[in-house]
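Asks: sequence plus predicted model, see below.
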Amino acid sequence: MRRRGRGERRFSAEFSASAADRTCYIVFGMANPRVALVEDEPDIAEVLRFNLEKSGFAVEVHRRGDEALEAIRKHPPALVVMDLMLPGMDGLELTRVLKRDPGTARLPLVMLTAKGEEVDRIVGLELGADDYIAKPFSPREVVLRVKAVLRRRGGGATATDARLEAGGIRLDAEAHRAEIRGKEIQLTATEFRLLKILLERQGRVQTRSRLLADVWGYAEDVDSRTVDTHVRRLRRKLGSEADRLETVIGVGYRLKP
């Protein structure tokens, strides 16, 4: 059994759910969305389970990666929250297996880990994680991140969620309309999907392989120059806001908030 530093145990179970938290099932369009929590540290698992359930989620706790894989395949949840350091099968391998299985490939994943370096976050995101939370964290942060991932992945977005913005960029998903400082720009369907994903995940690096999977639905072994070409075209159309779309050399792209 691995030992964890005291920094990882700095959690507080104090979390008063607001009315919005208690009725999150309305936001997501389902009663008590089911979350699979894969965490072998009992104290952390209990705090997260308590706070997720206070926010209206049904939580299943798994202590081992291999046992979690079997349970998730039999009855896929709405989302998986997993630690990376797990007995039986670590979180990275569990992610790889889930993403290769057509039955679980699009299952939203949130990773928890004591590793906070950028390279570790990039590895997790490249494998297909929707979000990455470094320990120590607050239970409320995890709950809010889980809700955000479910909204981004189509769990019942509200009219407000359909309108995205960053600086002078505005996008209305329902009207399929994009504007730069109040002036509408013409985007192809692919460019629109690309901009929408970058806006939804603004401030976070998106790897080329991740964009290929989420925008084009391609496997990771497809030539990533497809992404580079579309990003160049999108930048030209962004005009005065083009600098907001940054290249992270050797990794991918990020849209500045």
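Replies: Nice, thanks for sending it over. Numbers count the residues shown, from 1 in each chain.
Asks: in the stretch 1-150 of the chain, where is pLDDT below threshold?
Replies: Scanning the stretch 1-150 of the chain with the threshold set as pLDDT under 70 gives 1-31, 115-121.
Asks: can you pull out the helices in it?
Replies: 19-22, 24-28, 42-54, 65-74, 91-100, 118-127, 139-152 (DSSP state H, counting those that start in this stretch).
Asks: same list (the ones you listed) but as JSON lines, adding mean neighbour count.
Replies: Where C-beta positions appear, they are placed from N, C-alpha and C, glycine not excepted. Shown next, in JSON lines, are the helices of the stretch 1-150 of the chain (neighbours: other C-beta atoms under 10 Å):
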{"stretch": "helix 19-22", "mean neighbour count": "12"}
{"stretch": "helix 24-28", "mean neighbour count": "18"}
{"stretch": "helix 42-54", "mean neighbour count": "18"}
{"stretch": "helix 65-74", "mean neighbour count": "17"}
{"stretch": "helix 91-100", "mean neighbour count": "19"}
{"stretch": "helix 118-127", "mean neighbour count": "18"}
{"stretch": "helix 139-152", "mean neighbour count": "19"}
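Asks: and of those helices, who's closest to L234?
Replies: Of all the helices of the stretch 1-150 of the chain, helix 139-152 sits nearest to L234, with 19.2 Å by C-beta to C-beta.
Asks: the closest one to helix 42-54, inter-axis angle?
Replies: 50 degrees (axes from the mean of the first three to the mean of the last three C-alpha atoms, to 10 degrees).
Asks: which other helices and strands contact helix 139-152?
Replies: helix 24-28, helix 42-54, strand 79-83, strand 109-113, strand 131-134 (3 or more C-beta pairs under 8 Å, 6 or more residues apart in numbering; DSSP states H and E).
Asks: then the second one to PDB, C-alphas only?
Replies: If I follow you right, that is helix 42-54. Listed next in PDB are the C-alpha coordinates belonging to helix 42-54 (Å, rounded to 0.1, in the frame of the first residue of the first chain):
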ATOM      1  CA  PRO A  42     -10.800   5.600   2.200                       C
ATOM      2  CA  ASP A  43     -10.800   9.200   3.700                       C
ATOM      3  CA  ILE A  44     -10.700  10.900   0.300                       C
ATOM      4  CA  ALA A  45     -13.300   8.500  -1.200                       C
ATOM      5  CA  GLU A  46     -15.700   9.200   1.600                       C
ATOM      6  CA  VAL A  47     -15.300  13.000   1.500                       C
ATOM      7  CA  LEU A  48     -15.900  13.000  -2.300                       C
ATOM      8  CA  ARG A  49     -18.800  10.600  -2.100                       C
ATOM      9  CA  PHE A  50     -20.500  12.700   0.600                       C
ATOM     10  CA  ASN A  51     -20.100  15.900  -1.400                       C
ATOM     11  CA  LEU A  52     -21.200  14.400  -4.700                       C
ATOM     12  CA  GLU A  53     -24.300  12.900  -3.100                       C
ATOM     13  CA  LYS A  54     -25.100  16.200  -1.400                       C
END
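Asks: ok now that helix, how far from the chain's centre?
Replies: 20 Å (C-alpha atoms, centre = their mean, to the nearest Å).
Asks: quickly list the domain ranges of the chain.
Replies: 6-152, 163-255 (automatic domain parsing).
Asks: quickly compare these and say which is most buried.
Replies: domain 6-152 (a mean of 18; mean count of other C-beta atoms under 10 Å).
Asks: ok so, going back, closest one to R225 among the helices of the stretch 1-150 of the chain?
Replies: Using C-beta to C-beta, the helices of the stretch 1-150 of the chain put helix 118-127 closest to R225, at 17.4 Å.
Asks: dump the residue contacts of the nearest residue to G252 once chain neighbours are set aside.
Replies: Spatially, and ignoring its direct neighbours in sequence, G252 is nearest to T207 (4.1 Å; C-beta to C-beta, 6 or more residues apart in numbering). For T207, the contact set (C-beta atoms under 8 Å, 6 or more residues apart in numbering) comprises I122, L125, E126, V251, G252.
Asks: can you do 10 Å?
Replies: Residues near T207 by C-beta atoms under 10 Å, 6 or more residues apart in numbering: 122-123, 125-128, 213, 220, 224, 227, 248, 251-253.
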